[in-house]
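Engineer: show me the folded form of this:
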Amino acid sequence: MFQTQNAIELSSLMEKTEKSDPTFIIDIDNRKICEVNEEAIALCNNKSPIGEKLGDIIYIDKKIGRDTSPAFFNGKWFCLEQETLLWNGAPHIKIKLKKRNEIPSIEALQSLKKMIGFLLHRIRSPLTGIQGYTELIENQLGEHHEQRYVNQVNKGIDQLFDLLDELETLEEISLDPVELNNHSANPKEVIDDILSNYSKEHRDKITFTASASTQNVRCNPGDLQRILSILISNAVEHAPIEQHHISISQPSAQSIKISHNGNPIPKSISKELFHPFVTTKAQQLGIGLTMAMLYAKRYQGSIFLTDNNPFREISFTFCLPPSTSSYGITAL
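Structural biologist: Below is the predicted model of the structure:
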């Protein structure tokens, strides 16, 4: 039992933490857990982890980014925050696992998919009718100067169909989890395939740092290609090839990082980065990162904005759970 004064100090420390964030007090020497809050106990299946080593129940990879350290705990991904403090007369570390508000919940995504399905059904039919009538009008036009107006209408219709196709792709992504150990993909092969679709000018500015430590990741090759295609495209868009370079690396066994030194992401957008319809581009829906996150979630994975510093780099990292099951990998 703690002495009264120590209990008061601990209570004060925990009161400064949002109750919804799992929080741990760690011995700085042996990395064992000395105390936790109720949220941490709840996520440990209501069993106290006191006395356990932090690394045995939480997977933390600090190699990934300077601004964010992803942490995997009880089947969920968090952003790690830590500070050093004096407690019980000795140095300790306070570890807080921040929940990610920039990611919509599964319930919100399910509702979104239903709404999109409804809208697709209601919008495609009248739009197809408009397209048909436009073709009839086009066949009856004789003068060239009138044709150009119909061409503009057709261009607008094509743009609408492209937007609907993009929404349909999002709506069709399954939210059902997959068995991780049934899938494996070679990152280099997938990335080489993605880059083959870019011009030589772009390829010369995009490099994948492959090394002897490059390992297969537990993801279907097709889904890995979908995720990385979105992240690479996003980097190309925000890092014009005339001035910037894009690097792809594998900082740990189950993570892939895409970095560039282009334009940083405004804080107002970064707070809702993976929510749909968040974009600064007038002609885009802003659902690319949402789709990438949906594919990642099926594999118990996640995507982090690991760096967002105009003086260093901007990076996104796709993270998958560690291969060991001791970190509580569960269903979505």
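Engineer: please make it C-alpha for all contacts and neighbour counts, starting now.
Structural biologist: Fine.
Engineer: where in the stretch 101-250 of the chain is pLDDT low?
Structural biologist: 133, 141-146, 210-214, 240-242 (pLDDT under 70).
Engineer: pull the longest strand from the chain.
Structural biologist: What stands out as the longest strand in the chain, according to DSSP state E, is strand 76-87.
Engineer: strands paired with the helix or strand that that strand is followed by, and their directions?
Structural biologist: Beyond strand 76-87 on the C-terminal side, the first helix or strand identified by DSSP states H and E is strand 90-98. Partners of strand 90-98 in the sheet, by DSSP bridges, are strand 23-27 (antiparallel), strand 76-87 (antiparallel).
Engineer: mind exporting strand 90-98 as CSV, just the C-alpha atoms?
Structural biologist: As requested, the backbone C-alpha atoms of strand 90-98 are provided in CSV (Å, rounded to 0.1, in the frame of the first residue of the first chain):
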residue,chain,number,x,y,z
ALA,A,90,12.5,8.7,-7.2
PRO,A,91,12.4,9.5,-10.9
HIS,A,92,9.4,8.0,-12.8
ILE,A,93,7.9,8.3,-16.2
LYS,A,94,4.3,9.2,-16.8
ILE,A,95,3.0,7.5,-20.0
LYS,A,96,-0.3,8.7,-21.5
LEU,A,97,-1.9,7.0,-24.5
LYS,A,98,-3.9,9.7,-26.3
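Engineer: per-residue pLDDT, residue 5?
Structural biologist: For residue 5, the pLDDT comes out at 41.
Engineer: for residue 215, give its distance to residue 184.
Structural biologist: As judged by Cα to Cα, to the nearest Å, residue 215 and residue 184 stand 10 Å apart.
Engineer: then residue 110?
Structural biologist: Counting by Cα to Cα, the gap between residue 110 and residue 184 amounts to 27 Å.
Engineer: and for residue 50?
Structural biologist: Note on residue 50: its distance to residue 184, by Cα to Cα, is 36 Å.
Engineer: try residue 274
Structural biologist: Looking at residue 274 against residue 184, where the rule is Cα to Cα, the gap reads 25 Å.
Engineer: cool, and residue 236?
Structural biologist: Between residue 236 and residue 184 the distance is 27 Å, computed by Cα to Cα.
Engineer: please apply the same query to residue 207.
Structural biologist: Using Cα to Cα, residue 207 is found at 22 Å from residue 184.
Engineer: likewise residue 310?
Structural biologist: When Cα to Cα is applied, the distance between residue 310 and residue 184 equals 35 Å.
Engineer: again with residue 160
Structural biologist: Residue 160 sits 37 Å away from residue 184, taking Cα to Cα as the criterion.
Engineer: could you do residue 37 as well?
Structural biologist: Plainly put, residue 37 is 37 Å away from residue 184 if you go by Cα to Cα.
Engineer: so between residue 215 and residue 184, which is more surrounded?
Structural biologist: A side-by-side neighbour count of residue 215 and residue 184, using other Cα atoms under 10 Å, places residue 215 first with 18 against 15.
Engineer: quick one: pLDDT of the closest residue to the more buried one other than its chain neighbours?
Structural biologist: Using Cα to Cα, 6 or more residues apart in numbering and skipping residues adjacent in sequence, the residue nearest residue 215 is residue 253, 6.0 Å away. On pLDDT, residue 253 comes in at 85.
Engineer: and for residue 253, the neighbour number?
Structural biologist: The burial count assigned to residue 253 is 17, neighbours taken as other Cα under 10 Å.
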